[in-house]
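Peer 1: whatever this is, show me its structure:
(one chain, ligands or ions: 3)
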Amino acid sequence: MYDVREWRHAFKLDPNKDISDENLEKICESGTSAIIIGGSDGVTLENVLNLMSRVRRYTVPCVLEVSTIESITPGFDLYFIPTILNTTDAKWIKGIHHEAVKEYGVLMNWDELIVEGYCILNDDCKVANLTGANTDLDEEDVVAYAMMAEHLFKMPIFYLEYSGKYGDIELVKAAKAQLNQTKLFYGGGISTAAQAKEMGQFADVIVIGNALYENLEEALKTVKAVKI
Ligand SMILES: CC(C)=CCC/C(C)=C/CC/C(C)=C/CC/C(C)=C/CC/C(C)=C/CC/C(C)=C/CC/C(C)=C/COP(=O)(O)OP(=O)(O)O
Ligand SMILES: O=P(O)(O)OC[C@@H](O)CO
Ligand SMILES: [Mg+2]
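Peer 2: Residues are numbered from 1 along each chain as shown. Ligands and ions are numbered 1, 2, ... in the order given. Below is the predicted model of the structure:
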């Protein structure tokens with residue numbers, strides 16, 4: 001299933017973290033819509049290639065969420081390109097992107113690239129710190145970013161990112177109410193099936209990362225909670 005518009009669930013694997021073959025098999029065979037490979041620090045070409053080749057043993061779609069130019073490599077089904085909507089630092093909105101396109105532009109298959117408009121809401125996570133995101137947002141602010149993603153920039157994905165923390169369902173609901181063409185991804189702090197179900201009421205796709213490394217058996221139950 002290579003069409004993100006059909007997805008309901010994704011597991012995000014961090015190339016900078018260890019995962020055993022046994023656990024990786026459970027994750028890849030779980031019924032999730034896709035495996036996203038990405039992280040905010042310690043991402044290298046070597047650890048991306050290693051994880052990609054291991055995930056590639058399975059039929060599940062495999063996506064690179066690009067976080068550094070150095071770790072871009074052929075071989076993925078799709079490439080997610082984050083851009084941070086709630087930072088004022090142009091580097092994370094379009095700066096590194098410019099560098100990457102200068103380097104890879106002539107080689108690119110543009111159909112494989114999917115832009116994600118990130119709205120980061122947990123002040124206490126690495127990606128907020130890295131990108132200087134302004135996480136002090138109320139519902140009106142979040143709704144406006146959702147509208148921008150859909151109507152101004154026509155982004156395929158609006159990503160509400162609470163990385164490491166379970167978010168505010170009311171904000172997720174409010175964002176979803178603005179989105180029609182743009183798909184709403186929610187990620188952050190989901191560790192149980194009940195939480196997956198709750199966020200999955202409004203998010204088109206729920207993304208689970210840390211729980212894979214903390215309580216795999218519970219994390220695996222999140223698939224069934226949103227996929228019937
Ligand atoms: C030849 C070939 C294969 C061509 C492929 C074509 C291709 C893919 C070209 C690249 C085109 C392009 C425009 C790339 C963009 C380059 C880039 C690096 C842009 C910057 C992206 C960005 C804003 C990164 C910031 C960090 C971020 C959003 C990372 C995403 C993952 C994420 C949110 C992780 C969560 O991290 P967190 O939980 O906080 O941290 P830990 O899990 O480590 O605790
Ligand atoms: O690691 P967690 O908190 O599950 O968040 C998932 C993902 O949104 C991180 O980019
Ligand atoms: Mg994480």
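Peer 1: now do the contacts for the closest residue to R57 other than its chain neighbours.
Peer 2: Once flanking residues are discounted, R57 sits nearest to C28: 7.5 Å by Cβ to Cβ, 6 or more residues apart in numbering. C-beta coordinates here come from the backbone N, C-alpha and C atoms, glycine included. Taking Cβ atoms under 8 Å, 6 or more residues apart in numbering as the contact definition, C28 lies against 35, 55, 57-58, 60.
Peer 1: out of those residues, which are buried?
Peer 2: Neighbour counting over the contacts of C28 (16 or more other Cβ atoms under 10 Å) leaves 35, 55, 60 as the buried ones.
Peer 1: list the ones among the residues you listed that fall in strands.
Peer 2: Applying DSSP state E to the buried ones among the contacts of C28, the entries found in strands are I35.
Peer 1: name the nearest of the buried ones among the contacts of C28 relative to E218.
Peer 2: I35 (18.1 Å; Cβ to Cβ).
Peer 1: tell me if I'm right that that closest one and T59 touch.
Peer 2: No: because the distance of 10.8 Å does not satisfy Cβ atoms under 8 Å, I35 is recorded as not touching T59.
Peer 1: could you tell me which residues of this structure lie near ligand 2?
Peer 2: 12, 161, 163-164, 187-190, 207-211 (Cβ under 6 Å from any ligand atom).
Peer 1: now E65, nearest residue through space, not along the chain?
Peer 2: Beyond its immediate neighbours in the sequence, the residue positioned closest to E65 (Cβ to Cβ, 6+ apart) is G38, lying 3.0 Å away.
Peer 1: report the contact partners of the one you found.
Peer 2: For G38, counting by Cβ under 8 Å, 6+ apart, the contacting residues are 12-15, 64-67, 80.
Peer 1: what's the burial count for E99?
Peer 2: Applying other Cβ atoms under 10 Å, we find 12 residues neighbouring E99.
Peer 1: what does P156 give?
Peer 2: Residue crowding around P156 was assessed by other Cβ under 10 Å; the count is 18.
Peer 1: any idea how far S33 is from the residue lying closest to it once chain neighbours are set aside?
Peer 2: Setting aside the residues directly before and after it, P156 is nearest to I114 in space (Cβ to Cβ, 6+ apart), at 5.1 Å. According to Cβ to Cβ, to the nearest Å, I114 and S33 sit 14 Å apart.
Peer 1: can you list the contacts of G38 in JSON lines and add distance to T44 and pLDDT?
Peer 2: Conversion of these to JSON lines gives the following (distance: Cβ to Cβ, whole Å; pLDDT from 0 to 100):
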{"residue": "K12", "distance to T44": "17", "pLDDT": "98"}
{"residue": "L13", "distance to T44": "14", "pLDDT": "98"}
{"residue": "D14", "distance to T44": "12", "pLDDT": "98"}
{"residue": "P15", "distance to T44": "7", "pLDDT": "98"}
{"residue": "L64", "distance to T44": "13", "pLDDT": "98"}
{"residue": "E65", "distance to T44": "15", "pLDDT": "98"}
{"residue": "V66", "distance to T44": "13", "pLDDT": "98"}
{"residue": "S67", "distance to T44": "11", "pLDDT": "96"}
{"residue": "F80", "distance to T44": "18", "pLDDT": "98"}
